[in-house]
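S.K.: Just a sequence and a predicted model for now, questions to come.
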Amino acid sequence: MWQKIEQWCDDENRSGTLGQEIKSSFEPGRPLDPNSRGRVQNAKTSALKAVYAFYAGQCDPMLAAAAPPHRFNPFTGLFGGFQAYHIISSTRWMEPDFGDDDQPFVIIAKSDMKVTVMNLNSGQVYFLSDAQGNQTLLATPNASESNQRTIIGGVQEEITDSLDSKDSILRWFEEHANRLHQNIYSVGNIMSHAPGDQTMYSLLRYPTLADTVNCSRAVTRGVEIVTSAIFVPEMEVFVYSIRIRLLTPEDGEEYLSPEVRGFDTCQLLARHWRISKYSPNSNVPLVDEVRGEGVIGLYPLLREGGYTNYEGGGDAQHQGGHCRGYFSYQSLTDSDLPGFLEGSLQFRPGSLAEPSGEVFDVRVAPFPLKYSQFLY
């Protein structure tokens, strides 16, 4: 487990400079004895001790920062995060906090909106937030039938512990290590399109194309759209990520030259989403269609290798900076029911101000909106 995490941190091709920032924040491992004050009898802590023997959480990010204060990055949590509109969240691995003597819980991870704790009596890891009035969910899958329905359809049922609860924290860490090892996550600017236009690199939890089940991809006239979503129970939403770019010659056979695709640049004009959700009481999906101009108030102009941001529509467009790589943005939809999202984005060849062809639709392939067995 730790070998996979360290390998990811040390591989600049996967983690960039963020990997070393995360690794340098790890505290040295140390022995833990939750029974030292006699408050927990028969505590199931062997897995907890194994996890914290190698490293013992992440230190305060201010203490770990090697850069000057004005370049301080607070989003270096081991378990990554997400951004949608003005909301930014990053989950940090904590030094073990055993809290009050009369509480059999240890805090193992935290973000601004939630905490992750382990029950010392059972070993089970739980996800706690203020949603739905002090929400409590299992953070790892549990063999009990009750757990399989705790969050389906937004219904919180009674949580029971099973025989595999004692290994919950170990499975929780191993799942995250495997996702890093398999490149399920990527590193990117978690401040993208946030106020202030800053660059803060973080582990982004939106699944990448390496996750063939939870991530979709479609290419239309050389425009690629990659999409995926994550379940965010502390906000009671699915946060979905849309990544857009114009293919380049480095993409091989899929690349279309400007002459073949019919334009040098193209600019996003409008969006059309079809959100289908499934109720436990019906085989017919509930469909919601959304149409609108731009995306989150932006109208990016794509070129090979990058894009230029434009804000506002019509004649009131304001040009932003020129950026490299893909244009990405995040939005959200209620997590009341699971389902999937699909649709299209409409582009104008050339630009909106100086069109060079007819408007065309770029397909957004279906991607799932589903609840997670592991919560981070």
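M.R.: Now that the structure is in, tell me what you want to look at.

S.K.: any idea how far the closest residue to Tyr201 other than its chain neighbours is from Asn119?
M.R.: Leaving aside its sequence neighbours, Tyr201 sits nearest to Leu18 (Cβ to Cβ, 6 or more residues apart in numbering; 4.8 Å). Every residue, glycine included, has its C-beta placed from N, CA and C. Distance of Leu18 to Asn119, computed by Cβ to Cβ, to the nearest Å: 32 Å.

S.K.: Also Glu95?
M.R.: 18 Å.

S.K.: So which of the two has more stuff around it?
M.R.: Between Glu95 and Asn119, Asn119 has the larger neighbour count (other Cβ atoms under 10 Å), namely 19 against 15.

S.K.: what sits against that one?
M.R.: Residues in contact with Asn119 (Cβ atoms under 8 Å, 6 or more residues apart in numbering) are Pro104, Phe105, Val125, Tyr126, Asp161, Ser165.

S.K.: Please repeat the previous calculation with a cut-off of 7 Å.
M.R.: Pro104, Phe105, Tyr126 (Cβ atoms under 7 Å, 6 or more residues apart in numbering).

S.K.: shouldn't the last one be in contact with Leu138?
M.R.: Yes - the pair Tyr126 / Leu138 is scored as a contact, 6.5 Å apart, by Cβ atoms under 7 Å.

S.K.: and these two? which has more neighbours close in?
M.R.: Leu138 (25 against 21).

S.K.: Let me see the ranges of the helices in the protein.
M.R.: 2-10, 12-15, 18-24, 46-54, 61-64, 131-134, 168-181, 258-261 (DSSP state H).

S.K.: pLDDT averaged over the third one, what's the number?
M.R.: The average of the pLDDT scores along helix 18-24 is 95.

S.K.: What is that helix packed up against?
M.R.: Under the contact criterion of 3 or more Cβ pairs under 7 Å, 6 or more residues apart in numbering; DSSP states H and E, helix 18-24 touches helix 2-10, strand 201-204.

S.K.: Most tightly packed of the ones you listed?
M.R.: Highest mean neighbour count of the helices and strands packed on helix 18-24: strand 201-204, a mean of 24 (counted as mean count of other Cβ atoms under 10 Å).

S.K.: tell me the phi and psi of Thr91?
M.R.: Torsion angles at Thr91 (phi, psi; degrees, to the nearest 10) stand at phi -100, psi 120.

S.K.: Quick check: which ranges of this structure have low pLDDT?
M.R.: 33-43, 62-71, 99-101, 132-133, 143-164, 193-197, 313-318 (pLDDT under 70).

S.K.: For Trp273, give its distance to Glu293.
M.R.: In terms of Cβ to Cβ, Trp273 sits 13 Å off from Glu293.

S.K.: Between those two, tell me which one has more neighbours.
M.R.: Trp273 (18 against 14).

S.K.: For the more buried one, give the beta-bridge partners.
M.R.: Per DSSP bridges, the residues bridged to Trp273 are Val290, Gly343.

S.K.: In this structure it contacts Gly292, no?
M.R.: No - with contact defined as Cβ under 7 Å, Trp273 does not reach Gly292; the gap is 8.7 Å.

S.K.: Could I get the contacting residues of Lys49?
M.R.: Leu32.

S.K.: try Trp93
M.R.: So Trp93 contacts Gly57, Gln58, Gly77, Leu78, Phe79, Ala109 (Cβ under 7 Å, 6+ apart).

S.K.: So what's the residue count around the nearest residue to it once chain neighbours are set aside?
M.R.: With Cβ to Cβ, 6+ apart as the criterion, Trp93 has its nearest non-adjacent residue at 4.4 Å, and that residue is Leu78. For Leu78, the count of nearby residues is 24 (other Cβ under 10 Å).

S.K.: quick one on the thing from earlier: save the contacts of Trp93 as JSON lines, and put in distance to Lys370 too.
M.R.: Shown next, in JSON lines, are the contacts of Trp93 (distance: Cβ to Cβ, whole Å):
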{"residue": "Gly57", "distance to Lys370": "30"}
{"residue": "Gln58", "distance to Lys370": "29"}
{"residue": "Gly77", "distance to Lys370": "23"}
{"residue": "Leu78", "distance to Lys370": "24"}
{"residue": "Phe79", "distance to Lys370": "19"}
{"residue": "Ala109", "distance to Lys370": "22"}
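
S.K.: Would you mind measuring from the residue nearest in space to the middle of the chain to Arg92?
M.R.: Residue closest to the average C-alpha location in the chain (Cα atoms, centre = their mean): Arg205, at 2.5 Å. Look at Arg205 and Arg92: by Cβ to Cβ, they are 13 Å apart.

S.K.: on that earlier part again, I figured the residue nearest to the centre of the chain hits Gly77, correct?
M.R.: No - the criterion here is Cβ under 7 Å, and Arg205 misses it with Gly77 at 10.2 Å.

S.K.: Nearest to Glu259 among the contacts of Asn119?
M.R.: Tyr126 (58.0 Å; Cβ to Cβ).

S.K.: For Ser125, grab the count of nearby residues.
M.R.: For residue 125 the amino acid is Val, not Ser. Neighbour tally, Val125, other Cβ under 10 Å: 28.

S.K.: which residues does it contact?
M.R.: Thr116, Met118, Ala139, Thr140, Ser168, Ile169, Trp172.

S.K.: re the thing from before, contacts only, for the residue nearest to Tyr201.
M.R.: Thr76, Val187, Tyr201, Ser202, Leu203.
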